[in-house]
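Visitor: Following is a predicted model, sequence given first.
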Amino acid sequence: MKVAIIGYGKMGKEIEKVLVSRGHQVSKVIDIENNNEDFKDTEIAIIFSTPSSAVQNITKCLINNIPVVCGTTGWLDSYEEIKLLCNKNNGTFLFSPNFSIGVNLFIKLNKYLSEIMSDFSDYSVKMKEVHHTKKIDKPSGTAIKLADSIVNNLSLEGWSLKKDKSKLEIKCERKDDVKGLHNVIYESEIDSISISHDAKNRKGFAVGAVICAEWIISKKGFFTMEDFLSDIKF
């Protein structure tokens, strides 16, 4: 594949390493210092830019018929708008708040656990997420994805960053260079049940994004990580 990397922070550099190791070519790098948006010799784009530039970057790719894999979070107010644009242009787009295979297995586990816990009202639930200090959005996109399943299955009124009995509380911390830690905790008067995922490094996110790019490059449509996981055997 000939791949444009949009966003050249720590994740962009990790993706570059993975692309090269898997025999792919980086056609161009687009970031603040190098914003040449000529997509000549580019077959697909992988975006890990800032939230504020994500929609603009995605839009330019789709208009230029460049398939997109996007891992940027914090822009989902425009999710339906991007979906419509993708379909209108017969484009190719895959978004995930987290491309780690392990995290996505954790998301499935969280959904299953919340379905079970819906029958046990003695337990209250809360969530905690910790990321590096340079992560802008709070809560993380992964935390919101986890929260959606819990809120739906436990019939809560949404999630909140503050304590609210009617909502799922999400505690957010920004600490040092933590790659990503997510905890879901159920507590009663007599015990607690918890599940967690702790990312050791960024490689897992980069590998997942590149594998997804390999998967969608010959497809058309609007995809999620669930589509990818249901079609791939590891």
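Guide: In hand now; what should we look at? Predicted model, so just to flag it, every value in this text is computed and none were measured.

Visitor: Tell me how far the nearest residue in space to Glu81 that is not next to it in sequence lies from Gly7.
Guide: In space, and not counting its chain neighbours, Glu81 is closest to Val55: 7.6 Å by CB to CB, 6 or more residues apart in numbering. Heads up, the C-betas are built off the backbone N, CA and C, glycines and all. With distances taken as CB to CB, to the nearest Å, Val55 is found 13 Å from Gly7.

Visitor: next one: stretch 63-76 to chain centre, how far?
Guide: Computed by CA atoms, centre = their mean, to the nearest Å, the chain-centroid distance of stretch 63-76 equals 11 Å.

Visitor: Buried residues in that stretch, which are they?
Guide: For stretch 63-76, a neighbour-count test (16 or more other CB atoms under 10 Å) marks Ile66, Pro67, Val68, Val69, Cys70, Gly71, Thr72, Thr73, Gly74, Trp75, Leu76 as buried.

Visitor: Against which helices or strands is the lowest-mean-pLDDT helix or strand in the chain packed?
Guide: Ranking every helix and strand in the chain by mean pLDDT, DSSP states H and E puts helix 225-231 at the bottom, with a mean of 89. Counting contacts by 3 or more CB pairs under 8 Å, 6 or more residues apart in numbering; DSSP states H and E, helix 225-231 is packed against strand 92-95, helix 101-117, helix 203-216.

Visitor: any idea which of those is most buried?
Guide: Most buried of the helices and strands packed on helix 225-231, by mean neighbour count (mean count of other CB atoms under 10 Å): strand 92-95, with a mean of 24.

Visitor: CA atoms only: put the least confident helix or strand of the chain into CSV for me.
Guide: Output of helix 225-231 as CSV, limited to C-alpha atoms (Å, rounded to 0.1, in the frame of the first residue of the first chain):
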residue,chain,number,x,y,z
MET,A,225,-13.9,-2.0,14.2
GLU,A,226,-16.8,-4.5,14.8
ASP,A,227,-17.0,-5.0,11.1
PHE,A,228,-13.3,-5.7,10.9
LEU,A,229,-13.3,-8.1,13.9
SER,A,230,-16.3,-10.1,12.6
ASP,A,231,-14.5,-10.7,9.3
